[in-house]
Structures are given as C-alpha cells and as structure tokens.
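Peer 1: Prediction below, plus the sequence it came from.
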Amino acid sequence: MGRAGPDLGPREMNVLLRYLTAGESHGPMLVAILEGLPAGVPIRQEAVDARLRQRQGGPGRGGRQRIEKDAAEIVAGVRAGETVGGPVGLLVRNRDWENWRGILGADGVDSARAEEKALYRPRPGHADLAGALKYDRRDLRDVLERASARETAARVAVGALCLELLEQIGIRVLGHVVALGPVEAPPPAHLGFDELAAAVLASDCRCWDPGTTLRMHEAVRQATLARDTLGGRIEVQAEGVPPGLGSYAASDRRLDGRLAGALMSIQAMKGVEVGIGIAAAALPGSQVHDEIVTGPEDAGRYTRYRRPTNRAGGIEGGVTNGEPVVVRVAMKPIPTLLRPLRSADMRTGEVIAAGYERSDITSVPAASVVAEAVVGFVLAQAVLEKFGGDSLGELRRNLDGYRRQVGAR
Ligand code: EPS
C-alpha cells in the first residue's frame with residue numbers, strides 16, 4: 001500500500017501522485033518533490049515560472065515580494081523539457097536568505113543576532129502560539145518560518161507541473177478572486193472559460209471585472225490607511241474534466257472532500273464551498289439540483305448529457321459529472337497587524353500588544369494562484385487514480401477508451 005499524500009489525510013490507499021515540501025520563509029530555499037507524474041509530460045519552464053510570478057502579485061503585498069523573483073529550478077525527473085518518470089525535484093531559492101544568514105540555517109547561527117530577531121508575543125490568528133506549545137519552541141520564529149504562506153511558492157511550482165499534465169488531456173484550471181474584503185465581483189456567468197481566463201490575467205487583483213478591480217484597489221488603500229488587513233473569497237473552475245473522477249464508494253475517495261481538504265490546507269483558509277455550497281442549505285431542492293438534458297455531440301465533452309445549470313459545481317455523490325468543477329474558498333485577513341491585538345509575552349505572561357513582522361495587507365490575489373495549483377494537484381491525482389498510465393501516451397489511450405465507453409451511454 002502506498003503512503004497517503006499530504007492533501008489526503010490518513011487514508012491507506014495506493015496514492016499514485018504525492019508531494020512534500022520543505023523550507024523556511026527566510027531559509028536558503030523551498031524544496032519540493034512531486035512523485036508519480038507519468039513520463040513524457042512536456043514541462044514548460046516558462047509556464048511554471050509564470051505561475052510563480054503571478055503568486056507574487058496583487059496590491060497590498062509587503063516588501064518581501066520586491067526582494068524575491070521566484071523561479072523554479074527543476075533538479076530531477078525532467079530531461080530536455082519532458083518528464084522521464086522519476087520524482088520531480090524542485091527548488092525555489094529565497095533571495096532574502098542573504099539577510100538571514102547567521103540568524104537561521106542549520107549551522108553558523110550567531111546567538112546574539114538570532115535573539116535580536118526572536119519573537120515572544122504570538123500574533124492572534126497566526127500559528128505562533130499553538131505551534132510554540134506543540135513543538136515546545138521558545139522563539140516563535142521557529143514556528144512562523146515554516147507556518148508562513150511563503151511555503152505556497154513551492155506548492156504553486158508543484159501544482160504548475162500537475163497543470164501541465166492536465167492541459168495535455170484537455171483539462172484547464174483557473175483560480176480567480178470573487179471578493180476582496182467588502183468588495184464583491186458580479187458573477188462572470190456570461191463569460192466562457194477562455195474569456196474569463198483572459199480577463200482574470202489582465203487584472204492584478206485576478207478579478208475578471210475591471211470596475212471591481214478598481215474598487216478592490218481602493219479597499220486595499222483604505223485598509224492600508226487603517227493599518228488593518230483584508231481577506232476575501234476565491235473561486236476555482238476546472239473545465240474539460242471527464243465524468244467519473246472520485247468515488248462515492250468510500251468516504252475518503254469523494255472528490256469534493258479531497259478538494260475541500262486540499263483547499264483548507266492552504267494557509268489562512270477558513271471555509272470551502274462546492275458549487276453554490278452553503279446557499280443550497282436555505283433553498284428548496286427544486287432550486288438546487290441541476291436538471292439533466294441531452295445535447296448534440298461536442299468534441300470538447302465526454303457525453304451527450306448536459307446541465308442547464310451547474311449549482312452542484314460539477315460533483316454529485318463525490319464524483320465528477322462532466323460539468324465544470326467549481327469550488328470556492330474563503331480566506332481570513334492576514335493576522336499580522338500594524339495595530340496589533342492583545343497577546344501575552346510568553347516569557348513573562350504579561351498581556352501586551354502582539355508582535356509585528358513585515359507582512360502583507362492582503363494576499364487574496366496570490367492565494368487564488370495557490371488555490372488553482374492545489375486544485376490542479378487533486379485533479380491530476382484523481383485522473384491518475386482513474387486512468388493510470390506510466391507514460392502520457394498510456395494515460396491518453398486509457399482516457400480515449402473511457403471516452404468511447406461513456407460516449408456510448
Ligand atoms: C510570503 C512571504 C512573507 C510574507 C507572507 C507570505 O514574507 P516576509 O515574512 O519575509 O515579509 O509576505 O507571509 C505571511 C503573510 C505570513 O503570515 O507568514 C510569500 O512569499 O507569499
């Protein structure tokens with residue numbers, strides 16, 4: 001039996017795609033290993049780096065993003081731009097490490113300099129207190145360096161490789177911002193996937209609507225003046241997904257549960273919805289479920305069955321139904337506050353303002369890139385579980401056979 005991947009929880013099954021990341025926010029680098037990609041997948045370095053750059057963007061980011069110019073060094077598993085079947089090894093170097101030598105690192109730490117940068121006042125909402133208690137660390141830096149959302153750079157690189165695989169079999173994934181603080185975008189119901197993607201990539205808030213993008217900028221400006229922070233909501237859509245990914249047969253194979261787990265594993269996420277999600281609870285069944293009709297043959301689709309609506313978000317019974325997968329995730333505001341909430345000094349117990357570290361006013365646009373990446377990972381994993389294949393050619397043949405099978409129904 002294989003070991004469960006980090007996004008799967010403690011289930012025992014033969015996981016065909018898994019990854020791990022390591023690295024501290026201000027350490028030398030982030031590293032990741034992605035194991036289980038079939039051989040023969042073209043990897044476009046520029047597409048991976050483009051996603052990393054998108055993750056660095058958006059209004060309200062802190063000084064760190066001016067220091068970094070994130071890029072992935074692929075050090076294993078890829079030859080001449082194509083996977084060869086071995087685990088893919090990735091590095092994302094931290095430029096800021098030069099400023100942290102002697103403070104962090106496996107050796108060469110100067111205790112006086114480390115003490116200058118030590119933190120003892122945990123930030124409410126951050127992992128600081130819970131992590132210090134759990135791992136018995138005196139300096140909260142030992143917690144926050146790993147808990148930091150800097151880790152998502154490694155996850156975006158991993159997700160980018162998964163998205164390269166998905167593109168090869170006609171599945172495309174897009175994460176976009178639907179709300180930033182109090183500012184909400186109108187639903188992009190009239191836009192097809194390509195138009196939506198183009199509009200989202202044209203906005204530094206990753207919001208399809210230019211008017212809403214301007215209002216989001218203003219909200220960030222106001223939050224900056226108020227020395228406060230903002231959360232928001234993100235939607236991820238995946239199109240070209242075959243019916244039949246995930247399963248109702250066992251609770252830990254339900255794709256909605258796995259997507260929710262993966263999205264909630266992103267730093268700062270507090271809630272997930274599939275399709276219309278929580279709103280469904282207040283509506284009668286006749287206004288929630290998507291009617292089934294039949295339509296003409298369409299090369300882009302697997303079956304003749306169509307849904308005039310997609311309130312289910314493309315998943316019924318934990319299984320994809322052939323409609324686009326649509327999930328939403330809610331991000332809390334960044335917990336590092338310029339006007340800190342009360343906290344306690346862990347050396348003395350004195351109740352005092354929480355510590356401050358350089359941080360962001362908001363990072364919701366960046367998080368939409370991360371959400372896109374983790375959905376890419378979960379879908380790639382579900383594809384490989386259903387169709388298998390040690391090479392892209394074998395995966396494609398298996399998928400073609402399935403397309404014939406479901407196309408005949
Ligand atoms: C981040 C890098 C960090 C923060 C942010 C995410 O950089 P630094 O700590 O050097 O300023 O900007 O991390 C947090 C908000 C957090 O709470 O840890 C990044 O690259 O995404």
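Peer 2: Looks like it arrived, so ask away.

Peer 1: Any residues of this protein in contact with the ligand? List them.
Peer 2: Remark: the part of the chain in contact with the ligand comprises 25, 62, 64, 96, 148-150, 152-153, 334, 336, 357-360, using Cβ under 6 Å from any ligand atom. Placement of C-beta: from N, CA and C, glycine included.

Peer 1: Return the distance of D290 relative to D107.
Peer 2: Distance check for D290 against D107: by Cβ to Cβ, to the nearest Å, it reads 59 Å.

Peer 1: right, I mislabeled it, should have said C205
Peer 2: As it turns out, when the distance is counted by Cβ to Cβ, C205 lies 42 Å from D107.

Peer 1: same deal with A280?
Peer 2: Taking Cβ to Cβ, one finds A280 at 54 Å from D107.

Peer 1: which one of those two has more residues nearby?
Peer 2: Of the pair A280 and D107, A280 is the one with more neighbours under other Cβ atoms under 10 Å, namely 18 against 4.

Peer 1: quick one: contacts for the residue lying closest to the more buried one once chain neighbours are set aside?
Peer 2: The shortest distance from A280 to any non-neighbouring residue, by Cβ to Cβ, 6 or more residues apart in numbering, is to V288 (4.8 Å). For V288, the set of contacting residues under the criterion of Cβ atoms under 8 Å, 6 or more residues apart in numbering consists of I276, A280, R311.

Peer 1: Tell me how many other residues surround the last one.
Peer 2: It refers to R311. The local packing of R311 (other Cβ under 10 Å) involves 18 other residues.

Peer 1: So it is in contact with V274, correct?
Peer 2: No - with contact defined as Cβ atoms under 8 Å, R311 and V274 do not form a contacting pair (9.8 Å).

Peer 1: now the helices: where do they sit in this protein?
Peer 2: 45-55, 64-67, 111-116, 128-135, 141-147, 152-168, 193-201, 210-225, 255-264, 364-387, 392-407 (DSSP state H).

Peer 1: could you dump the ones you listed to JSON lines with mean pLDDT, mean neighbour count and distance to E316?
Peer 2: Supplementary listing: these in JSON lines, determined by pLDDT from 0 to 100; neighbours: other Cβ atoms under 10 Å; distance: least, Cβ to Cβ, whole Å:
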{"stretch": "helix 45-55", "mean pLDDT": "98", "mean neighbour count": "18", "distance to E316": "30"}
{"stretch": "helix 64-67", "mean pLDDT": "96", "mean neighbour count": "14", "distance to E316": "40"}
{"stretch": "helix 111-116", "mean pLDDT": "98", "mean neighbour count": "11", "distance to E316": "54"}
{"stretch": "helix 128-135", "mean pLDDT": "98", "mean neighbour count": "16", "distance to E316": "37"}
{"stretch": "helix 141-147", "mean pLDDT": "98", "mean neighbour count": "20", "distance to E316": "36"}
{"stretch": "helix 152-168", "mean pLDDT": "98", "mean neighbour count": "25", "distance to E316": "21"}
{"stretch": "helix 193-201", "mean pLDDT": "98", "mean neighbour count": "16", "distance to E316": "21"}
{"stretch": "helix 210-225", "mean pLDDT": "98", "mean neighbour count": "17", "distance to E316": "31"}
{"stretch": "helix 255-264", "mean pLDDT": "98", "mean neighbour count": "22", "distance to E316": "9"}
{"stretch": "helix 364-387", "mean pLDDT": "98", "mean neighbour count": "26", "distance to E316": "15"}
{"stretch": "helix 392-407", "mean pLDDT": "97", "mean neighbour count": "14", "distance to E316": "15"}
